[in-house]
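>>> here is a sequence together with a model predicted from it:
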Amino acid sequence: MVVILLNPNQQLLLNNFQSDFIRLNFDYCTKILKNYQTMIPLNFFNDIPDFPELKSISNSIKNIIIYEPEIKPFSSDFSIPFYNQKSKFEFSLSSKIELTFDDKIHFFDFPLVFFNLKDGSKGEFLELNKKIGTNIFPLNIKVFRIGKCLCQNNSFILEDFLWKKLK
C-alpha cells in the first residue's frame with residue numbers, strides 16, 4: 001500500500017487540532033477516539049496492475065490539500081485494519097483530501113476523530129461545531145514522505161520511503 005506521511009510540523013498541527021476537538025466535545029460524547037494513524041493511504045494505487053516506483057509516484061504528485069473537516073456518519077471504509085478500529089462508532093470527523101496526480105484530481109476522506117454522541121446532545125454538539133477548523137484549514141502540503149507500507153494484523157511497517165518537496 002502506498003502512503004503519504006506528513007512532515008512533523010504539519011502532523012503536529014493535525015494532532016493539536018484533534019486534541020482540541022476532543023477536549024471541546026468530550027462532555028457531549030459517550031465514546032470519542034483520535035485517529036492515531038498518521039499515514040494517509042492512497043488506495044487508488046491498489047487498482048494499478050504494474051506498481052510504479054516511489055520516485056515516479058512522487059514526481060507525479062503535483063498538489064495535496066487537506067480541507068476543513070466535516071462531521072459525517074461513520075463509514076465502513078474506516079473499519080479496515082489500517083485504521084485499527086475494533087469498535088463501532090456513529091460519527092467521524094473527516095477531512096477531504098485533494099491529491100493531484102498526473103493531472104488527475106483524486107478526492108478521499110481522511111478520518112481525524114471517531115465518536116458516539118450522548119442521547120439528546122446532538123443539537124448542542126452541532127451548534128458548537130459549526131466552524132470546526134477555520135484557523136488551519138485548508139492545509140497545503142508542500143513537504144511530505146511517500147512510502148510503501150505493509151499492513152498485517154494491525155501492524156504497519158514502512159518498507160521504503162522518500163521525501164518530496166512540492167513547488
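Yep, it's here.

>>> give the buried residues for the worst-scoring helix or strand of the chain on mean pLDDT.
Confidence across the helices and strands of the chain bottoms out at helix 122-128, with a mean of 80, counting by mean pLDDT, DSSP states H and E. Going by neighbour count (16 or more other CB atoms under 10 Å), the buried part of helix 122-128 is F125. C-beta coordinates here come from the backbone N, C-alpha and C atoms, glycine included.

>>> show me where this structure has its helices.
Per DSSP state H, the chain carries helices over the ranges 8-25, 54-60, 122-128.

>>> any idea which of those helices gets closest to L162?
Relative to L162, the nearest member of the helices of the chain by CB to CB is helix 54-60, separated by 5.4 Å.

>>> list the helices and strands that closest one packs on?
Under the contact criterion of 3 or more CB pairs under 8 Å, 6 or more residues apart in numbering; DSSP states H and E, the helices and strands touching helix 54-60 comprise strand 143-152, strand 155-165.

>>> give me the low-pLDDT residue ranges for the protein?
Flagging of the chain using pLDDT under 70 yields the residue ranges 46-51, 77-87, 131, 133-134, 153-154.

>>> regarding it, what is its longest strand?
strand 104-117 (DSSP state E).

>>> ok, the residue nearest the centre of the chain to I32 distance?
Within the chain, one residue has its C-alpha closest to the average C-alpha position: by CA atoms, centre = their mean, that is F110, at 2.9 Å. With distances taken as CB to CB, to the nearest Å, F110 is found 17 Å from I32.

>>> same question, T100
Between T100 and I32 the computed distance is 33 Å (CB to CB).

>>> what are the contacting residues of stretch 27-36?
18-19, 22, 25-26, 83-84, 87, 89, 111-118, 121, 124-125, 128 (CB atoms under 8 Å, 6 or more residues apart in numbering).

>>> from the chain's centroid, how far away is that stretch?
Taking the mean of its C-alpha atoms, stretch 27-36 sits 16 Å from the chain's own mean (CA atoms, centre = their mean, to the nearest Å).

>>> how long is that stretch end to end?
21 Å (CA to CA, to the nearest Å).

>>> what sits against I71?
With contacts defined as CB under 8 Å, 6+ apart, I71 is in contact with 91-93, 126, 129, 132.

>>> still on that earlier bit, reformat the helices and strands packed on helix 54-60 as CSV; add mean neighbour count and distance to I40.
Supplementary listing: the helices and strands packed on helix 54-60 in CSV, determined by neighbours: other CB atoms under 10 Å; distance: least, CB to CB, whole Å:
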stretch, mean neighbour count, distance to I40
strand 143-152, 16, 9
strand 155-165, 12, 13
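
>>> before I go, just wanted to say thanks for your time.
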